[in-house]
Every structure is written in structure tokens, then in C-alpha cells.
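>>> Need coordinates for the following:
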Amino acid sequence: MNAEDMILISVDDHVIEPPNAFTPHWPAHLKGREPHIEKRDGRDVWMFEEKAAGYMGLNSVVGRPKEEYGMEPLNYEQMRRGTWDLKSRVEDMDANGIVGSICFPTFPGFAGQRFQATSHNDPEVALAAIRAYNDWHYYDWSEAAPGRFIPLMLTPFWDMPAAVAEVTRLAKLGVHALSFSDNPALSGWPSIHDPYWDPLWKVCADNDVVICCHIGTGAAAQHASDLSPIDAWITSMPISIANSAADWIWGPMWKKYPTLKMALSEGGIGWIPYLLERADFTHGHHNAWTNSNFGGKMPSDIYKKHIISCFIEDRFGLANLDYIGEDMVMYECDYPHSDSVWPHSAEKLWEDVKTLAPATIDKITHLNAMREFSYDPISKLGRENCTVGALKRTAAAVPVETDPILGMGGAKPDREPGKAVTSGDINRMFESAGAESTVSGRR
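Numbering: from 1, shown residues only. Modelled structure (predicted):
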């Protein structure tokens, strides 16, 4: 086995919604209130319910030289076309050797946070936005490239009957991934320990829908200070989901719905062995007074059965798969964010996994994802067309340009030669572009 023989499925990528994503799927009686793009001061800005989104690119820096990673795209022309155009995305996947991908939203928020917040003022238009997004993502993105994507849905947090109906609707179409908050309580919704969510857990379990909790959807990495190098914040980002991971281990849903699965999307895996060791120690040392009860099992057993973990580059985690559970570990590419190593993902991954048993490599590169997300590109495309080597040959025949593109432009932090870019520099960059601004009039 070599790098070209691998079949790669990425369970964490991102899509920039194209300008016309919502309009074709928007209900007629709410016409004029759909999310749409406006040009403002040279920027492409998403408008929804009298509010303008801040940065539209959100770190969509794939294809730039690393020296320009700090620049945030302000319009579509400043991003690689594969970030928002389906045909170009598939070509970029081919060039990277990736056969399948889960794509989290950008403008709506990874778990639809923008629409969840809108529900406080107008639940009807918020639900319309979620349904329109789901229809675009399924019909115009995933199904428009058969076999290449694991479709992902959003669902309303504020209305459990509507949430159940939406999951049921999408599951019938073959959608088996739901984007959800890693800690909804931090955004004012009920805790995952509240029976409020039971109807959602049940419909997901009944339909083999995986609950995907992306980092930053509830808990978030904290900036240590404005003077701290931004590197410190980037370093802590994946591990920021550890607190939520512990909370899910002790969640009540696993006893009620024993087939339910969830994923810690973009969370990494190297820190998990200690989390599970600590969880088992905590249970053994404290359950006599805390009343925790895993039915004769240990917290680590719950994690290994129900919780999916994924990694980009994580040699320590891969060397300790016995402590994590290789049946629930999956690969991620993170295109088009700055942690992605596109177009060299396959080559980088091979260096990290080549000493593992071929059966283990197959599990973490594609078999686990195919099983848990009810996804089978091999039957649709043919195994001979799904390998890294086959996809890269397809890209070479196009050909797909993969050299870094210089000077794509965008916002950038103030940088002094030789001085570290700080959290304060990045926060001021976002503030200067307006993270959220209210505008008059409704369209």
C-alpha cells in the first residue's frame, strides 16, 4: 500500500455559499427577505433581516502563499473559486486526492447560529432560511456532484416539532449528518442534559443521523490577551472543545438512544487519551458521591462507542489509537481554512499513517466515515476511480492549477516587521470591517 492507493474522505471541510444560494429555494410569501449579497465599499456582504455579516470569507485562504494567510477575503474574487463554485471544488478535491467531503456552512454559522438567533425576532423567516439552506446544500451542492459529498443539514433549535420534521424530511433524502452546537447552553438554549432535546436525539437515532459539533459552535478558544501572539490562540483552538467533550460523555442521551452518534468536528485527537484517562479516574474516584452511573461501563467506553473524532495532522494521536478507538477516528482536510494542507493532504497524511496496519489506514481514511455517515462513493463511482492516484490523474488531465496565487487581496492585520501578530491585531482587523452592522430598510 502507498499514498496513491488510499481512499480519502474528509469529514470536516467548509463551503462559502455562492451569491444565489438561497433565492431559488425561498418561499414566495416571504420574497424579498431572503439572505442575499450586496456590494458595499468593494466588499461582497451577506444581508439578512436588516443586518450585514462581517467578513464573508472567514479564513478562506486556501491557494494563497502562507505569507498572505492573515488576509481575510472581502469578496468572491479574493477567494479561490473552489471555495464557492461546485465544479471548481470537485476539481480541487481531485487535485488533493479527496473523494468525499462534509462541508460546513460559513454565512449561516457552522451550526446555523445566525438563523438560530434570528428566531428570537421572527421564527418564520428563520425557519425559511434553514430550509432554504438545506435545500441548496442538498440539491445544488451535494447531489449536483453525485458521490462526492456527505450532505449536512441544519435544524431549528427553538422549535422541536419543526426540528424533528426537518431532520425527517432530509433523512428521507439520504442526509445523515446534522450540524449542532457543541454546547447550546452557552448561546441561551437548553443544556444537552435537558430533556428538551430528546425529540431531536430520538429522530437522529431512528434515522442514523450523526450529530456533528464543530469547534466554535458553542464553546470557543479564548484569546489569552490582546498582547498574546495569535499563534497561542490557534494552538488552543482544537482543544477548546475538550470541555464540551467531557459534558457529552456524561450526557443522558446515550442511555436513552443507544445507537446515537456524534462527532467532535475539527477537534483533533492527540488530547483525547488523557481526557479519557481523566474521565475514567473521575468516575472511579468520585461516583460514590456524585451518583454518576454508566451501567457498569466506564466513561471511555461511552466515548469510544458514540463519539467520532477527526484529525488533520496528529502523529501523537495516531500513535495512540488504542486509547481512542480506531473505529471512530476519521480524517479531515479543513479546506479552505488555514489549517488545511491542500493540495498536499494525501502526501502529508501518508507520512503520518504509513507505519500503521493497512486495515487501520482504511478505517481512518474512509471505512469509518462510510459506515457512520451512511455514505458510499465506491458503489457510485467505482473503487478504481476513488483512490488518491486516480483522482490526482483526473486533476492533472484538466489540468487543475495548484500553485499559490499571489496578491489575491483582502483585509489584513497591521504588521510590523519582526513583530508577532497578536490577538489584538486580529480582533482589530475584524472590528474595522464590522463584525455585524445594522442597515436601514428591508429587501
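>>> where do the strands sit along the stretch 301-443 of the chain?
307-311, 329-331, 436-438 (DSSP state E, counting those that start in this stretch).
>>> Tell me which residues are up against the longest one.
Translated: strand 307-311. Here strand 307-311 makes contact (CB atoms under 8 Å, 6 or more residues apart in numbering) with 11-12, 210, 245, 248-249, 261-270, 272, 317-318, 324, 328-332, 368, 372. No exception for glycine: its C-beta is placed from N, CA and C like everyone else's.
>>> at 6 Å instead, please
Here strand 307-311 makes contact (CB atoms under 6 Å, 6 or more residues apart in numbering) with 11-12, 262-264, 268-269, 272, 317, 328-330, 332.
>>> In these, find the pair that's most separated.
By the measure CB to CB, 262 and 317 form the most distant pair in these, at 18.3 Å.
>>> what about residue 169, how many residues close to it?
Using other CB atoms under 10 Å, residue 169 has 16 neighbouring residues.
>>> I meant residue 116, not that one.
That count, for residue 116 with other CB under 10 Å as the rule, works out to 24.
>>> for it, helix, strand, or coil?
Following DSSP: H, G, I helix; E, B strand; the rest coil, residue 116 is assigned to helix.
>>> Specify the helix with the largest residue count in this structure.
Identified as the longest helix of the chain according to DSSP state H is helix 272-290.
>>> which other helices and strands contact that one?
Secondary-structure packing of helix 272-290 (3 or more CB pairs under 6 Å, 6 or more residues apart in numbering; DSSP states H and E): helix 299-306.
>>> how distant is the helix it packs on from the center of its chain?
The chain centroid and the centroid of helix 299-306 are separated by 22 Å under CA atoms, centre = their mean, to the nearest Å.
>>> Need the contact partners of that helix.
With contacts defined as CB under 6 Å, 6+ apart, helix 299-306 is touched by 249, 254, 261, 276, 279-280, 283, 325.
>>> the helices in the stretch 201-350 of the chain, which residues?
Using DSSP state H, counting those that start in this stretch, the helices found in the stretch 201-350 of the chain span residues 230-236, 242-249, 253-256, 272-290, 299-306, 315-319, 321-324, 345-353.
>>> if you average pLDDT over the fifth one, what comes out?
The average pLDDT for helix 299-306 rounds to 98.
>>> That helix vs helix 272-290, what angle?
Going by axes from the mean of the first three to the mean of the last three CA atoms, to 10 degrees, helix 299-306 is angled at 120 degrees with respect to helix 272-290.
>>> Alpha carbons of helix 299-306, as PDB, please.
Provided in PDB are the C-alpha atoms of helix 299-306 (Å, rounded to 0.1, in the frame of the first residue of the first chain):
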ATOM      1  CA  PRO A 299     -16.700   6.900  30.500                       C
ATOM      2  CA  SER A 300     -14.100   5.900  28.000                       C
ATOM      3  CA  ASP A 301     -16.400   3.100  26.800                       C
ATOM      4  CA  ILE A 302     -19.100   5.600  26.100                       C
ATOM      5  CA  TYR A 303     -16.700   7.800  24.200                       C
ATOM      6  CA  LYS A 304     -15.400   5.000  22.000                       C
ATOM      7  CA  LYS A 305     -18.900   3.800  21.100                       C
ATOM      8  CA  HIS A 306     -20.700   7.100  20.500                       C
END
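>>> i'd like the first residue to be 735 from this point on
Okay, residue one is now 735; in that scheme the one you just asked about reads as helix 1033-1040.
>>> orientation of that helix relative to strand 1041-1045 in degrees?
Angle of helix 1033-1040 versus strand 1041-1045, following the same axes, to 10 degrees, is 80 degrees.
>>> quick one: low-confidence ranges for the stretch 1035-1177 of the chain?
1167-1177 (pLDDT under 70).
>>> ok so, going back, tell me which residues of the longest helix of the chain are tucked away?
For helix 1006-1024, burial by neighbour count (16 or more other CB atoms under 10 Å) applies to 1006-1007, 1009-1010, 1013-1014, 1016-1017.
>>> And the residues you listed, which is closest to residue 796?
For those, the nearest to residue 796 is residue 1006 (26.9 Å; CB to CB).
>>> Might you report the residue contacts of that closest one?
Going by CB under 6 Å, 6+ apart, residue 1006 touches 1043, 1058.
>>> Distance of it relative to residue 1054?
Using CB to CB, to the nearest Å, we find residue 1006 at a distance of 8 Å from residue 1054.
>>> do the same with residue 931
According to CB to CB, residue 931 stands 32 Å off from residue 1054.
>>> Could you tell me how many residues sit around the closest residue to residue 1059 other than its chain neighbours?
Closest residue to residue 1059 apart from its sequence neighbours, by CB to CB, 6 or more residues apart in numbering: residue 1038 at 3.5 Å. Using other CB under 10 Å, residue 1038 is surrounded by 19 other residues.
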